[in-house]
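*Asks:* predicted model follows, preceded by the sequence.
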Amino acid sequence: MAEELKITASSKEEKYLELLPQIRSVVEGETDMIANMANVASMLHETFGFWWTGFYRVSPPTPEGGLLLGPFQGSLACTRIKKGKGVCGTAWEREETVIVPDVDAFPGHIACSSLSRSEIVVPVWKDGFIVAVLDIDSKELATFDETDKRYLEEVVKML
């Protein structure tokens, strides 16, 4: 049985530094990506108290394909997102992390929840291809910065 998550740090960076080895120990040796995504979403959500934390998986390359909702923590979510649409589809298309301080100012933002105010989306790479994106939303403006980008990019490398 997994141990309860224990984070005692106060600063954002300290929280990430305490959380990274815990995530590594949970996902290490587990080959099922969906199980790992579920645990990572839960650990990030519990540690930081984000509004929504989860993954969208790249579905097969078909005309109706796109990003398909994966494991998450939080309120109701959009089920499918097309490449280039919203923050998730944009991060997938650009092949880079996208930080949005104010989602209302982001052209084409998909409002799955009107309570979401800022967002970060981090691509998950496997064998040279993006296989998913980590999407995190906050109820506060300008929650995410380069610290989040750096550490969340480290987190998704563990998947």
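*Replies:* Received the coordinates, thanks. Numbers count the residues shown, from 1 in each chain.
*Asks:* any idea how many residues pack against Asp32?
*Replies:* 9 (other CB atoms under 10 Å). C-beta: built from backbone N, CA, C; applies to glycine.
*Asks:* whoops, I mixed them up, Glu146
*Replies:* The number of residues packed around Glu146, counting by other CB under 10 Å, is 9.
*Asks:* please determine how far it is located from Pro101.
*Replies:* Relative to Pro101, Glu146 is positioned 12 Å away (CB to CB, to the nearest Å).
*Asks:* for this protein, which segments are assigned as strands?
*Replies:* Assigned by DSSP state E, the chain shows strands spanning 52-58, 67-74, 80-81, 98-100, 118-126, 129-138.
*Asks:* in TSV: the ones you listed, plus distance to Cys88 and mean pLDDT.
*Replies:* What follows is the strands of the chain, written out as TSV (distance: least, CB to CB, whole Å; pLDDT from 0 to 100):
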stretch	distance to Cys88	mean pLDDT
strand 52-58	5	97
strand 67-74	6	96
strand 80-81	5	93
strand 98-100	8	97
strand 118-126	5	97
strand 129-138	5	96
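*Asks:* tabulate the ones you listed in a markdown table, adding columns for distance to Glu154 and mean neighbour count.
*Replies:* A markdown table is the format used below for the strands of the chain (distance: least, CB to CB, whole Å; neighbours: other CB atoms under 10 Å):
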| stretch | distance to Glu154 | mean neighbour count |
| --- | --- | --- |
| strand 52-58 | 16 | 23 |
| strand 67-74 | 19 | 20 |
| strand 80-81 | 24 | 19 |
| strand 98-100 | 16 | 22 |
| strand 118-126 | 10 | 22 |
| strand 129-138 | 11 | 23 |
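*Asks:* export those to JSON lines and tack on distance to Asn36?
*Replies:* Formatted as JSON lines, the strands of the chain follow (distance: least, CB to CB, whole Å):
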{"stretch": "strand 52-58", "distance to Asn36": "10"}
{"stretch": "strand 67-74", "distance to Asn36": "9"}
{"stretch": "strand 80-81", "distance to Asn36": "21"}
{"stretch": "strand 98-100", "distance to Asn36": "22"}
{"stretch": "strand 118-126", "distance to Asn36": "10"}
{"stretch": "strand 129-138", "distance to Asn36": "11"}
